[in-house]
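*Asks:* Need a 3D model of the following:
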Amino acid sequence: MSKKKEKNPVQETPVVPEEEILEEQAGEAKAAEAETDAQTETPGGEPEETPGQVKDPVQEQLEQQQERFLRLAAEYDNYRKRTAKEKESLWTDAKADTVQAFLPVYDNLERALKQDTADEAYKKGVEMTMNQLKEVFAKLGVTEIEAQGKPFDPNLHNAVMHIEDDNLEENVVAQVFQAGFMLGEKVIRFAMVQVAN
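*Replies:* Numbering: from 1, shown residues only. Model (predicted):
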């Protein structure tokens, strides 16, 4: 057998220049670096945790403290709003109770004004007292509930009588027996009325 037929495996391997090998290795390194950057960068700016990666205990503790702080700040804000609302409610209730104590005086003055009396000085004094009381109510934000000729509203009126009257529409207040009052949106006393059917 001749030696020419045997091939040497070392001679058949192509020789690659060293520059090409270095360029290929540099390209692979850049690709690996870009892949690592893409895995660690998330929209929130925090590295994404992979199944095998252990989270930094300091970072984890910081996140827990931030979460506790946010919860505490929200709870305090809710507490502040709730107590401010309760204070306002207490103030409104106190004013309403005070006005309610003066309503019998208002009713007596109103009755006195409706009576026929020959004593002009008495009538003038009652009118002055009534005007002063109305001014005090206005300063406190108390308004009289309009009822006469208005549609009946069970949220504002207390119907104590019904009347058949063709001159009035259905469910309209025909007569007011006792004035009603409101403090803002709160009803202090319902208007006592007669309603037409």
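*Asks:* going forward, measure contacts between C-alpha atoms and count neighbours the same way
*Replies:* Fine.
*Asks:* Model confidence for residue 173, exactly?
*Replies:* What the model reports for residue 173 is a pLDDT of 93.
*Asks:* That one: how many residues sit nearby?
*Replies:* One way to gauge burial is a neighbour count; for residue 173, by other Cα atoms under 10 Å, it gives 27.
*Asks:* Same question for residue 78.
*Replies:* Other residues lying near residue 78 total 12 when counted by other Cα under 10 Å.
*Asks:* Might you report the residue contacts of it?
*Replies:* In this structure, residue 78 makes contact with no residue, judged by Cα atoms under 8 Å, 6 or more residues apart in numbering.
*Asks:* Under a three-state scheme, what state does the nearest residue to residue 175 once chain neighbours are set aside occupy?
*Replies:* Counting by Cα to Cα, 6 or more residues apart in numbering, residue 194 is the residue found nearest to residue 175 once chain neighbours are left out, at 5.1 Å. At residue 194 the chain is in strand, as set by DSSP: H, G, I helix; E, B strand; the rest coil.
*Asks:* Over to residue 117?
*Replies:* Using three-state DSSP, the three-state assignment for residue 117 comes out as coil.
*Asks:* Number the residues from 582 up from this point.
*Replies:* Got it, the first residue is 582 from now on, which makes the last one we talked about residue 698.
*Asks:* List phi and psi for it.
*Replies:* The phi and psi values for residue 698, taken as degrees, to the nearest 10, are phi -140, psi 150.
*Asks:* Where does the nearest residue to it once chain neighbours are set aside sit, in terms of helix or strand?
*Replies:* When the adjacent residues along the chain are set aside, residue 698 lies closest to residue 704, with 7.3 Å between them (Cα to Cα, 6+ apart). With the criterion set as DSSP states H and E, the secondary-structure element containing residue 704 is helix 701-721.
*Asks:* How far off centre is that helix?
*Replies:* Its chain's C-alpha centre and that of helix 701-721 lie 41 Å apart, by Cα atoms, centre = their mean, to the nearest Å.
*Asks:* Counting neighbours, which bits of stretch 771-778 end up buried?
*Replies:* Within stretch 771-778, the residues that qualify as buried by neighbour count (16 or more other Cα atoms under 10 Å) are 771, 772, 773, 774, 775, 776, 777.
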